[in-house]
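Trainee: 3D, please:
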Amino acid sequence: MTKADQRRQAYRARAAQREPALHSAAIQCRLMNQIWFQTAVTVLWYVGCRSEVQTHTAINDTLALEKSVVVPYCTEDAGGVRCLGLWRLNDLTELRPGTWRIPEP
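Mentor: Residues are numbered from 1 along each chain as shown. Predicted coordinates for the structure are as follows:
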């Protein structure tokens, strides 16, 4: 099975889940109750979109705890090669649809 096949299979499985908001909330709760989250000063969250686990509430909750939030975004290095960058996020309003319609700064 190719990587593209695996991605399509994973996407179909996520899209077929019932009550995705409940799953997202349960996952976020479980993560945020971990000691390593509670003691962290900075937390790296991805910004969930489409059928992924939604992280907007978790990001807002993390910011409300006065922790630094860092999110990945697509960029290019000095040679024009695509890569991921990291952005310190202060508010979800900083995000706009970027590469592949994924919200990014």
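Trainee: from here on, contacts and neighbour counts on C-alpha atoms
Mentor: OK.
Trainee: find the nearest non-adjacent residue to Gln28, please.
Mentor: The shortest distance from Gln28 to any non-neighbouring residue, by Cα to Cα, 6 or more residues apart in numbering, is to Ala58 (6.2 Å).
Trainee: please, which helix or strand holds the one you found?
Mentor: Using DSSP states H and E, Ala58 falls within helix 56-64.
Trainee: check Arg12 too.
Mentor: helix 3-15.
Trainee: ok now that helix, how far from the chain's centre?
Mentor: Mean C-alpha position of helix 3-15 versus that of the full chain (Cα atoms, centre = their mean, to the nearest Å) differs by 18 Å.
Trainee: contacts for it?
Mentor: Residues outside helix 3-15 that contact it (Cα atoms under 8 Å, 6 or more residues apart in numbering): 51-52.
Trainee: can you check the pLDDT for Thr25?
Mentor: Small correction: residue 25 is Ala, not Thr. According to the prediction, Ala25 has pLDDT 91.
Trainee: could you do Thr99 as well?
Mentor: Confidence score, pLDDT, at Thr99: 71.
Trainee: let me see the contact set for it.
Mentor: Cys74.
Trainee: specify the beta-bridge partners of Arg96.
Mentor: Glu104 (DSSP bridges).
Trainee: circling back to that earlier point, what's the neighbour count on the residue nearest to Gln28?
Mentor: Ala58 has 19 neighbours, counted by other Cα atoms under 10 Å.
Trainee: adjust the sequence numbering to begin at 41 for everything that follows.
Mentor: Let's use 41 as the start, then, which means that last one is Ala98.
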